[in-house]
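1. quick check, what structure comes out for this input:
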Amino acid sequence: MAQVELKGVKKSFGKTDVIRDVNLQINDGEFVVFVGPSGCGKSTLLRLIAGLEELSSGEIHIADRAVMDLPPSKRGIAMVFQSYALYPHMSVFHNMAFSLDLQGVSKAEIHERVLAAAKILQMEHLLDRRPAALSGGQRQRVAIGRAIVRNPDVFLFDEPLSNLDAALRHDTRVEIAKLHKQLGATTVYVTHDQVEAMTLADKIVVLKDGEVMQVGSPMDLFKSPANEFVAGFLGSPKMNFFEGELTGGAGTDQGHFKGEGLTLSGVRLVSTDKSVGDKILLGIRPQHMTLDSDGLLKGRATLVERLGTETVVELLTEQGTSFRFACPEMLDIATGQDVSFSIDAARAHLF
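-> Numbers count the residues shown, from 1 in each chain. The predicted model follows:
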């Protein structure tokens, strides 16, 4: 397998900048997930690595080789798309073997590679079937098997689970995670689903408008988001934000906040360029709030969602700010009820 390195990568379509000066290193054997909202450039960045799009400027290296001038077939990559793109008239075996046949690989080696991939994916019993006789999850496994048989340096996945229903998406996600552990392959995976990103990735790359917002392990990004966008994008339900002002701690990493009836000291200050008196946002995750009859944060419940594994309550402050509280317990809270919360400053953030 191999590492992937991006240096000053840019891509423009006409006057529109889609990828803006991306620098990134993906280590050998690492599972890296590109995540972000629709239109952020994550699929374009993957296609640039694959050679399906031409760079406007910058360099891409795979296995210590510059690949900017190489076609996709020479880059040592295998790609799995959102669409399975299987040949309907071919059996599963021949779909998986087709690319090897084009390369002139011997029939004996083709047979060996296909059987090995089928065993890894637990689909030996499907090899004689045609795609029409397979479920969506089985078709996606065939597409993954077709990539495995090529023995690539790097696997590239472009939203491979988007066409599956929720239960099948979970099962296939587990299979991909097991596959990565088994093969130890360098993998780049694109998704807009933060659950996929958090559960699969060794390293997450959060993108917005073609720029990298933050790179790090899932829990690093969850616990220490670098900005308001990352904080709001990762986590479910999404992080709550309250407007207020910075009352102290400017220029340090521990700020003091006042707003929405709250006064908090020693809060992680992300926006270190702020001055005392500046407007600032307090971020706190719905799971990091505590029900407290003497709490300073007060809200009126507008919706209560009892999901079995957790209860999610939507509330409004007196100032009209919407926020959420999440708890793994079954709560006796009714719509229209006034509720108070306390907030642990050590688990909050200032942006």
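2. could I have stretch 222-236 exported to PDB, CA atoms only?
-> Extracted C-alpha coordinates of stretch 222-236, given in PDB (Å, rounded to 0.1, in the frame of the first residue of the first chain):
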ATOM      1  CA  PHE A 222     -15.600  16.200  18.200                       C
ATOM      2  CA  LYS A 223     -13.900  17.400  21.500                       C
ATOM      3  CA  SER A 224     -11.900  20.300  20.100                       C
ATOM      4  CA  PRO A 225     -13.400  21.700  16.900                       C
ATOM      5  CA  ALA A 226     -11.300  24.400  15.300                       C
ATOM      6  CA  ASN A 227     -14.200  26.700  14.300                       C
ATOM      7  CA  GLU A 228     -17.900  27.100  14.500                       C
ATOM      8  CA  PHE A 229     -18.500  25.200  11.200                       C
ATOM      9  CA  VAL A 230     -16.700  22.000  12.300                       C
ATOM     10  CA  ALA A 231     -18.400  22.300  15.700                       C
ATOM     11  CA  GLY A 232     -21.900  22.600  14.100                       C
ATOM     12  CA  PHE A 233     -21.300  19.900  11.400                       C
ATOM     13  CA  LEU A 234     -20.100  17.100  13.600                       C
ATOM     14  CA  GLY A 235     -22.300  15.700  16.300                       C
ATOM     15  CA  SER A 236     -26.000  14.700  16.400                       C
END
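3. low pLDDT regions in the stretch 151-300 of the chain?
-> Of all residues in the stretch 151-300 of the chain, none has pLDDT under 70.
4. the strands in it, which residues?
-> Using DSSP state E, counting those that start in this stretch, the strands of the stretch 151-300 of the chain run over 154-158, 186-191, 203-208, 211-216, 240-248, 254-259, 262-269, 279-284, 289-291, 297-306.
5. adding distance to Gly145, write the ones you listed out as TSV.
-> In this view, the C-beta of every residue, glycine as well, is placed from N, C-alpha and C. Putting those into TSV (distance: least, Cβ to Cβ, whole Å) gives the following:
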stretch	distance to Gly145
strand 154-158	12
strand 186-191	15
strand 203-208	26
strand 211-216	30
strand 240-248	44
strand 254-259	52
strand 262-269	45
strand 279-284	43
strand 289-291	46
strand 297-306	39
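6. can you tell which of those is closest to Gln103?
-> Smallest distance to Gln103 across the strands of the stretch 151-300 of the chain (Cβ to Cβ): 17.5 Å, for strand 154-158.
7. same for that closest one, what does it pack against?
-> Contact here means 3 or more Cβ pairs under 8 Å, 6 or more residues apart in numbering; DSSP states H and E; on that basis strand 154-158 packs against helix 42-50, strand 77-80, strand 186-191.
8. and the ones you listed, which is most packed in?
-> Neighbour counts (mean count of other Cβ atoms under 10 Å) averaged over each of those peak at strand 186-191, with a mean of 25.
9. ok, that strand: who's next to it in the sheet?
-> Sheet partners assigned to strand 186-191 using DSSP bridges are listed as strand 31-35 (parallel), strand 154-158 (parallel).
10. and that strand with helix 42-50, angle?
-> Here the directions of strand 186-191 and helix 42-50 differ by 150 degrees (axes from the mean of the first three to the mean of the last three Cα atoms, to 10 degrees).
11. ok now strand 186-191, how far from the chain's centre?
-> Between the mean C-alpha location of strand 186-191 and the chain-wide mean there is a distance of 9 Å, by Cα atoms, centre = their mean, to the nearest Å.
12. same check on stretch 205-223?
-> Mean C-alpha position of stretch 205-223 versus that of the full chain (Cα atoms, centre = their mean) differs by 9 Å.
13. tell me the buried residues in that stretch?
-> By 16 or more other Cβ atoms under 10 Å, the buried positions in stretch 205-223 come out as 205-208, 210, 212-216, 218, 221-222.
14. can you redo the residues you listed as CSV with distance to Cys40?
-> Below are these laid out as CSV (distance: Cβ to Cβ, whole Å):
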residue, distance to Cys40
Val205, 10
Val206, 9
Leu207, 4
Lys208, 5
Gly210, 7
Val212, 10
Met213, 9
Gln214, 13
Val215, 14
Gly216, 17
Pro218, 18
Leu221, 15
Phe222, 19
